[in-house]
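Colleague: Pasted the sequence and its predicted model underneath.
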Amino acid sequence: DDGQAAPTTEPAPARPPLVIKIGAVTVANGSADFTDLALPLPFSAKIAELEGEVTTLSTVSAEPTRIGLAGKVGDFGLAEIDGRVLAADPTELTDVDVRFRNVEMPKLSPYTVKFAGRAIDAGRIDLELGYTIEQSRLNGENSIVIRELKLGEKFESPDAADLPLGLAVALLTGPDGTIDLDLPVSGNVDDPEFSVGSVVMKAFGSLIAKLVTSPFRLLGNLVGVDSDDFGTIEFRAGEPELTPPEREKLARLAEALAMRPSLGLVIGGVSAPDADTAALKRTRVEAAIDAQIQSMDATDDAESELLTKARRKAIEALVGSAAPEVDLAAERAANQRPADATKPDGRQVLDETAYVAALETRLIEAEEITPADLEELATARAQAVSLA
């Protein structure tokens, strides 16, 4: 030992976090494959004619990314994906709903054979899958509605769950041929032992156990279940167009009326004031923003920033005319973020995504939907039904 201290190694300076910002993404005539292996009977569907939008995605903004997509499954099936995700930290906020309606089940046989040991000969399924994560806590709602289910032959599969599926289907099927299940799940995604699939299977197994041990309780609950009502046609909020499942419903209704020629049909248009008003407001504001952007001269050479800047200028212009009481300076002051997350020196810069979203919210609030607007929507829906 020469008495000299060993040289110390200075730690490498921390790298600044990766900053990602992507403007709004519009999907037109797209396609997607959706698979959820966490369900009791794993589900997979091919989505076509996919339409919708994913708003600005930013790893430094406090404003969540909004998702709104819809597409077609098979001949008469519908898929919808809506929600919000905080790109900067998905475990802090994720709120996504995935809905499938009127999907043919025989195409799911390769998945049900592997995990349930049974094929499916016939049936249609509706799924509503809602998953929310707040501060790493997952809460999920799995709503499953199956109509006219017919199980096929049995197959040996080492991965198949040991559940009396045939008996369970017989007990769950109501007098209208419908199976209606709700499987809530919860857990902490930070727990290394947590698995959505195992939680769902545990809930499903508990349900089946209750069914086979207390079958008469379920039979009592099934008394009085209403069948599908052909007198009601569902529309997406704010829209007059028929969805593929509703077109099929009308086709079947026409067949029934053809067998009862003395019957007449009165078509009445309706609207849901709360849901339709909110949807019409947003649609009109988005249309006004697009029109404003089209009317402006694009002179900025930075193509990656062009859409964001144009949208901001368009919204600011619209706020000036539609909501003059809004103080733009105050809104900018209310939507600030640290200039550099690695150097909290107090310097702030504008969180443009949050600022633009706040202004858009003010525009939506200022937009007026009158009773005449709702009546016009109801009339358009009635015309869509009569022309189907």
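Modeller: Cool, the structure landed. Numbering: from 1, shown residues only.
Colleague: rest of the way, CA atoms for contacts and neighbours
Modeller: Will do.
Colleague: Now stretch 371-388 - C-alpha only, PDB.
Modeller: The C-alpha trace of stretch 371-388 is given here as PDB (Å, rounded to 0.1, in the frame of the first residue of the first chain):
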ATOM      1  CA  PRO A 371     -84.000  21.000 -30.300                       C
ATOM      2  CA  ALA A 372     -84.400  21.600 -34.100                       C
ATOM      3  CA  ASP A 373     -80.900  20.000 -34.600                       C
ATOM      4  CA  LEU A 374     -81.900  16.900 -32.600                       C
ATOM      5  CA  GLU A 375     -85.200  16.700 -34.500                       C
ATOM      6  CA  GLU A 376     -83.300  16.900 -37.800                       C
ATOM      7  CA  LEU A 377     -81.100  14.000 -36.600                       C
ATOM      8  CA  ALA A 378     -84.100  12.000 -35.600                       C
ATOM      9  CA  THR A 379     -85.700  12.600 -39.000                       C
ATOM     10  CA  ALA A 380     -82.500  11.500 -40.800                       C
ATOM     11  CA  ARG A 381     -82.400   8.300 -38.700                       C
ATOM     12  CA  ALA A 382     -86.000   7.500 -39.600                       C
ATOM     13  CA  GLN A 383     -85.200   8.000 -43.300                       C
ATOM     14  CA  ALA A 384     -82.200   5.700 -43.000                       C
ATOM     15  CA  VAL A 385     -84.400   3.000 -41.600                       C
ATOM     16  CA  SER A 386     -87.100   3.400 -44.200                       C
ATOM     17  CA  LEU A 387     -84.500   3.200 -47.000                       C
ATOM     18  CA  ALA A 388     -82.600   0.200 -45.700                       C
END
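Colleague: Surely Val326 is in contact with Glu316?
Modeller: No. Shown here, Val326 and Glu316 do not form a contact pair, counting by Cα atoms under 8 Å, at 9.9 Å.
Colleague: which one of those two has more residues nearby?
Modeller: Neighbour totals were compared for Val326 and Glu316, and Glu316 leads with 20 against 15 (other Cα atoms under 10 Å).
Colleague: what bits of the stretch 251-388 of the chain have low per-residue confidence?
Modeller: 256-264, 297-306, 341-345 (pLDDT under 70).
Colleague: what about the helices in it?
Modeller: 273-295, 303-322, 328-334, 352-366, 371-387 (DSSP state H, counting those that start in this stretch).
Colleague: Give me the buried positions along the second one.
Modeller: With burial defined by 16 or more other Cα atoms under 10 Å, the residues of helix 303-322 counted as buried are Leu307, Thr308, Lys309, Ala310, Arg311, Arg312, Lys313, Ala314, Ile315, Glu316, Leu318, Val319.
Colleague: just the last one next, same as before
Modeller: With burial defined by 16+ other Cα under 10 Å, the residues of helix 371-387 counted as buried are Leu374, Glu376, Leu377, Ala378, Thr379, Ala380, Arg381, Ala382, Gln383, Val385.
Colleague: ok, the closest residue to Ile369 other than its chain neighbours - contacts?
Modeller: Leaving aside its sequence neighbours, Ile369 sits nearest to Thr277 (Cα to Cα, 6 or more residues apart in numbering; 6.2 Å). For Thr277, the contact set (Cα atoms under 8 Å, 6 or more residues apart in numbering) comprises Gly238, Ile369, Leu374.
Colleague: Contact partners for Val85?
Modeller: Per Cα under 8 Å, 6+ apart, neighbours of Val85: Pro64, Thr65, Arg66, Leu93, Thr94, Asp95, Val96.
Colleague: Most neighbours among the residues you listed, which one?
Modeller: Pro64 (25 neighbours).
Colleague: and that residue, how far is that from Ala275?
Modeller: 22 Å (Cα to Cα, to the nearest Å).
Colleague: do the same with Pro90
Modeller: When Pro90 is compared with Ala275 (using Cα to Cα), they lie 28 Å apart.
Colleague: now swap in Thr361 and tell me
Modeller: 16 Å.
Colleague: next one: Asn139
Modeller: Asn139 is 24 Å from Ala275, by Cα to Cα.
Colleague: neighbour-wise, which of the two wins?
Modeller: A count of neighbours by other Cα under 10 Å puts Asn139 above the other of Asn139 and Ala275, at 16 against 12.
Colleague: I figured the more buried one was touching Asp97, is that so?
Modeller: No. Counting by Cα under 8 Å, Asn139 sits too far from Asp97 to count as a contact (11.9 Å).
Colleague: and for those two, which residues touch both?
Modeller: Common neighbours of Asn139 and Asp97, counting by Cα under 8 Å, 6+ apart, are Tyr131.
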